[in-house]
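Novice: The following comprises the amino acid sequence and a computationally predicted model.
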Amino acid sequence: MVSNDQRRRQLAREKFLRQQQRRESARRRARTRNTVIASALAVVVVAGAGAFAAGAFDGKDTKDTAASKPSASPSKAADPCKKPAAGKVKALSWKKEPALTVDKAADYTMNLATTCGDIGIDLKTKEAPHTVNSFDFLAGKGFFDHTKCHRLTTNGIYVLQCGDPKGTGAGGPGYTIPDENLKDKSLKGNVYPAGTIAMANTGQKHTGGSQFFLVYQDSQLPPSYTPFGTISDSGMKVLKKIAAAGESTGQGDGAPNATVVIDKATVKKS
């Protein structure tokens, strides 16, 4: 007999697949429309890449309740975070992935200085060199600075999604990177363990861009999203504080109630 918990997880996964199909269809229509506009106006349109995690974390379709039971009302927890630093998101885009310049044999760390506290991350350079190289490049350009972490899921899977300069779930750097490290030893039983940072994608292979998700509690997902780092203990405390404030819909999937903004992202070689 299937337990209630197993049924809930099954329904959640089915929801993600439905959202994936809708997101990919929408992206195809958008690409076709942009191509027509570009031809007519002789303007090069670079489509943002990396709408996250098969549509499951892209900030859209959060009102689909077929796969998750809504709570009685949205969380009313107080915002535990500070006001964002002065500044605005840079409008940056590139046509192709940056040249691979990271030292695969070296250790790299990333720090996300957020309004809720610092989130330190040990990066898996050897296992995911293209991903780490892209983050090193983007952080160096200030791409992530002043961007919002726009989605929090608290039902079925437990992640905070960030890395979208648009804050809508549809933004990206203009290029895509290949999937990597999908057989990481940490991914057992189709579970992304708490403390993992992994790439978002459209549900298709090799469609990661700049969006990523931070796992604050073990989450059952297919091994389709590049795991490229491990979050520090202090960073986990920050994530749990954000999660405790809840999300805006009361359905377990929406914008975080906490004002989570990445004031500054930095990548350093150890």
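Specialist: Yep, that arrived.

Novice: Which residue comes closest to the residue nearest the centre of the chain once chain neighbours are left out?
Specialist: Taking CA atoms, centre = their mean, the centroid of the chain lies closest to F212, which sits 2.6 Å from it. Excluding the flanking residues, the one nearest F212 by CB to CB, 6 or more residues apart in numbering is G163, at 4.8 Å. Using the backbone N, CA and C atoms, a C-beta is placed for each residue, glycine as well.

Novice: Show the average pLDDT along the helix or strand containing H130.
Specialist: Assigned by DSSP states H and E, H130 belongs to helix 129-140. In this model, helix 129-140 has a mean pLDDT of 98.

Novice: how about that helix: buried residues?
Specialist: P129, H130, T131, V132, N133, S134, F135, D136, F137, L138, A139 (16 or more other CB atoms under 10 Å).

Novice: And the helix or strand following that helix, what does it pack against?
Specialist: Following helix 129-140 in sequence order, the next helix or strand is strand 147-148 (DSSP H and E). Judged by 3 or more CB pairs under 8 Å, 6 or more residues apart in numbering; DSSP states H and E, strand 147-148 is in contact with strand 261-269.

Novice: Go ahead and measure how far the strand it packs on is from the middle of the chain.
Specialist: Its chain's C-alpha centre and that of strand 261-269 lie 15 Å apart, by CA atoms, centre = their mean, to the nearest Å.

Novice: Residues contacting that strand, please?
Specialist: 81, 84-85, 87, 102-103, 106-115, 123, 132, 135-136, 138-140, 143-149, 162 (CB atoms under 8 Å, 6 or more residues apart in numbering).

Novice: so which of the buried residues of helix 129-140 comes closest to L239?
Specialist: F135 (18.0 Å; CB to CB).

Novice: measure L187 to Y225 for me?
Specialist: According to CB to CB, to the nearest Å, L187 stands 9 Å off from Y225.
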